[in-house]
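In: This is a predicted model, with the sequence first.
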Amino acid sequence: MEVKRPYQLFLDDGSCIYGDELKFIGHGYNADVWKWQHDGCDFAVKTFYPNCYGLALHQDIASIFSQIQFYNLPNLYSTVCHHSFSFRSIDGYVMEFFEEEKGVSLMDISSTNLFSSISYLEDDMQAFSSYQVMMNDIRKDNTMITRDGMLHLFDYDMFYVDSDMNPKYVMLKNQHMVLWLLGNLFSSSLLFDFSFSTEEKKKLNDWLKKTFSLRRNGKRLPSEVIEEFFVEDTPRDSLKKLVRR
């Protein structure tokens, strides 16, 4: 896909980012992502494709997220528009830049960092659930392990407001989505981990389905599940001990 650099982008405060200030990072499903250096800091800038506005961050979510200090999700600093008087609500946004640690599996990070990552995500969920914001499209491709060995969820474009739902129930539904995500992340990591035999992988996949199931956990926080079962130095160590005992 050809990279089309935006000529200029207008921020919420009226200032402007020029295209030559942006360094291309990669293509997403609905947008290009750029790195922008400003005042000695790195930011990520997302610019939506013209035919993908239906899959893009909505103004109501952007307005809510700009008020929240996130600990796991990337902080949202400003929306961007291609024109100072845009006919569209937003054409993209500026967010916190995460430096990815390439080639690292979820199995490799410390169990302490895994627990902290999920606890921070729960803090973020508590904050936006109070605004009745429901998580959506959370999957492996929208997660990242950063240079500090933390697991982050970095994409919230498909989140939406459910104004008819009680915030406590929104939080519970969001917890369930994170449980589902964790089960899938571990199953995916296990698939390419050659330190386990085929038989061990089969047993562990069955265990993961039960461990992260909604039926088993009910109202339990995902961090409580992590704290209970992932007690060795790394998740890999915990799963090895579990399957080989």
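Out: Received it, and whenever you're ready, just let me know what you need. Numbering: from 1, shown residues only.
In: all helices for this protein, in order.
Out: 59-65, 111-129, 167-191, 198-211, 214-217, 222-229, 235-244 (DSSP state H).
In: Would you convert the ones you listed into a markdown table that also reports mean pLDDT, mean neighbour count and distance to residue 28?
Out: Quick note: C-beta positions are derived from backbone N, CA and C, even for glycine. Converted to a markdown table, the helices of the chain look like this (pLDDT from 0 to 100; neighbours: other Cβ atoms under 10 Å; distance: least, Cβ to Cβ, whole Å):
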| stretch | mean pLDDT | mean neighbour count | distance to residue 28 |
| --- | --- | --- | --- |
| helix 59-65 | 96 | 18 | 17 |
| helix 111-129 | 98 | 20 | 20 |
| helix 167-191 | 97 | 18 | 18 |
| helix 198-211 | 97 | 14 | 28 |
| helix 214-217 | 92 | 12 | 29 |
| helix 222-229 | 97 | 18 | 25 |
| helix 235-244 | 95 | 17 | 27 |
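In: neighbours around residue 25, how many?
Out: When neighbours are counted by other Cβ atoms under 10 Å, residue 25 registers 15.
In: picking that back up, adding distance to residue 8, write the helices of the chain out as JSON lines.
Out: Output for the helices of the chain, formatted as JSON lines (distance: least, Cβ to Cβ, whole Å):
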{"stretch": "helix 59-65", "distance to residue 8": "19"}
{"stretch": "helix 111-129", "distance to residue 8": "31"}
{"stretch": "helix 167-191", "distance to residue 8": "36"}
{"stretch": "helix 198-211", "distance to residue 8": "48"}
{"stretch": "helix 214-217", "distance to residue 8": "47"}
{"stretch": "helix 222-229", "distance to residue 8": "42"}
{"stretch": "helix 235-244", "distance to residue 8": "45"}
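In: and of those, who's closest to residue 139?
Out: Proximity to residue 139 (Cβ to Cβ) singles out helix 167-191 among those, at 6.9 Å.
In: beta partners for the residue positioned nearest the centre of the chain?
Out: Geometric centre of the chain, nearest residue: residue 153, 1.6 Å, by Cα atoms, centre = their mean. For residue 153, the beta-bridge partners are residue 143 (DSSP bridges).
In: how far away is it from residue 205?
Out: Here residue 153 is placed at a distance of 23 Å from residue 205 (Cβ to Cβ, to the nearest Å).
In: about what we covered before: state the distance from the residue nearest to the centre of the chain to residue 210.
Out: Taken as Cβ to Cβ, the span from residue 153 to residue 210 is 24 Å.
In: just to revisit the earlier point, contact partners for the residue nearest to the centre of the chain?
Out: When the contact criterion is Cβ atoms under 8 Å, 6 or more residues apart in numbering, the partners of residue 153 are 72-73, 121, 138, 142-143, 181.
In: Then residue 181?
Out: Residue 181 touches 138-140, 143, 153, counting by Cβ under 8 Å, 6+ apart.
In: Highest neighbour count among those?
Out: When neighbours are counted by other Cβ under 10 Å, residue 153 leads the contacts of residue 181 with 23 neighbours.
In: and stretch 34-54, which residues are buried?
Out: Neighbour-count burial for stretch 34-54, counted by 16 or more other Cβ atoms under 10 Å, picks out 34, 36, 43-49.
In: so who does the nearest residue to residue 201 once chain neighbours are set aside touch?
Out: With Cβ to Cβ, 6 or more residues apart in numbering as the measure, residue 190 is the residue that lies nearest to residue 201, at 5.6 Å, once sequence neighbours are left out. By Cβ under 8 Å, 6+ apart, the contact list for residue 190 reads 107, 196, 201, 204-205, 208, 239.
In: any idea how far residue 100 is from residue 190?
Out: 21 Å.
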